[in-house]
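Novice: generate a structure from the sequence data that follows.
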Amino acid sequence: QVQLVESGGGLVQPGGSLALSCAASGFTFDNYALAWFRQAPGKEREAVSCIESDDEDPYYSDAAKGRFTMSRDNAKYTVSLQMNTLRPEDTAVYFCAAGDVCLSEDYWGQGTQVTVSS
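Specialist: Purely as a prediction, here's the structure:
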């Protein structure tokens, strides 16, 4: 059974940091691209970052570039998203996803809420 379980969300003040983590199981992790998406209230889900199975440099959205860092650990079957200098507009539910290649996701986690507010 495929599972992607996110953790690390919460409430943080503007300018603060959060580290999200996603634990995967039930599929051959090394062979899959991993991605982080987010969905804010009333908005469509958008890609935040993605890293291919060969672990080359991740892709980042313009909103994430320079502030977020994505990494994967193929030994531990985990993928992380370090988010720094958070802004209120980063408030969203963040999802972990896996697919054959970036932006063609087959599996999704249940999401974790990130709220940036003073």
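
Novice: C-alpha from now on. contacts and neighbour counts both.
Specialist: Noted.

Novice: below-threshold pLDDT in the chain: ranges please.
Specialist: Across the chain, not a single residue meets the criterion (pLDDT under 70).

Novice: find the centremost residue of it, please.
Specialist: residue 36 (2.7 Å; Cα atoms, centre = their mean).

Novice: got the contact list for it?
Specialist: 47-50, 81, 94-97 (Cα atoms under 8 Å, 6 or more residues apart in numbering).

Novice: apart from its chain neighbours, what residue comes closest to residue 109?
Specialist: Distances taken as Cα to Cα, 6 or more residues apart in numbering place residue 4 nearest to residue 109, at 4.5 Å, with adjacent residues excluded.

Novice: distance of the one you found from residue 79?
Specialist: 10 Å (Cα to Cα, to the nearest Å).

Novice: now the common contact residues for the two.
Specialist: Common neighbours of residue 4 and residue 79 (Cα under 8 Å, 6+ apart) are 22-23.

Novice: hmm, back to that, and the residue nearest to the centre of the chain, what are its bridge partners?
Specialist: residue 49, residue 96 (DSSP bridges).

Novice: would you agree residue 30 is in contact with residue 72?
Specialist: No: using Cα atoms under 8 Å, residue 30 makes no contact with residue 72, being 9.5 Å away.

Novice: now do the host helix or strand of the residue nearest to residue 109: everything it contacts.
Specialist: For residue 4, the host element (DSSP states H and E) is strand 3-7. For strand 3-7, the external contacting residues (Cα under 8 Å, 6+ apart) are 20-26, 95-97, 107-112.

Novice: next one: stretch 54-63
Specialist: Contacts of stretch 54-63 (Cα under 8 Å, 6+ apart): 30, 47-52, 68, 70-72.

Novice: quick one: buried ones out of those residues?
Specialist: Buried by 16 or more other Cα atoms under 10 Å: 30, 47-52, 68, 70-72, out of the contacts of stretch 54-63.

Novice: a markdown table for the residues you listed, including distance to residue 16 and secondary structure?
Specialist: As requested, the buried ones among the contacts of stretch 54-63 are arranged in a markdown table below (distance: Cα to Cα, whole Å; DSSP: H, G, I helix; E, B strand; the rest coil):
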| residue | distance to residue 16 | secondary structure |
| --- | --- | --- |
| 30 | 32 | helix |
| 47 | 21 | strand |
| 48 | 18 | strand |
| 49 | 19 | strand |
| 50 | 22 | strand |
| 51 | 24 | strand |
| 52 | 28 | coil |
| 68 | 12 | strand |
| 70 | 17 | strand |
| 71 | 20 | strand |
| 72 | 22 | strand |
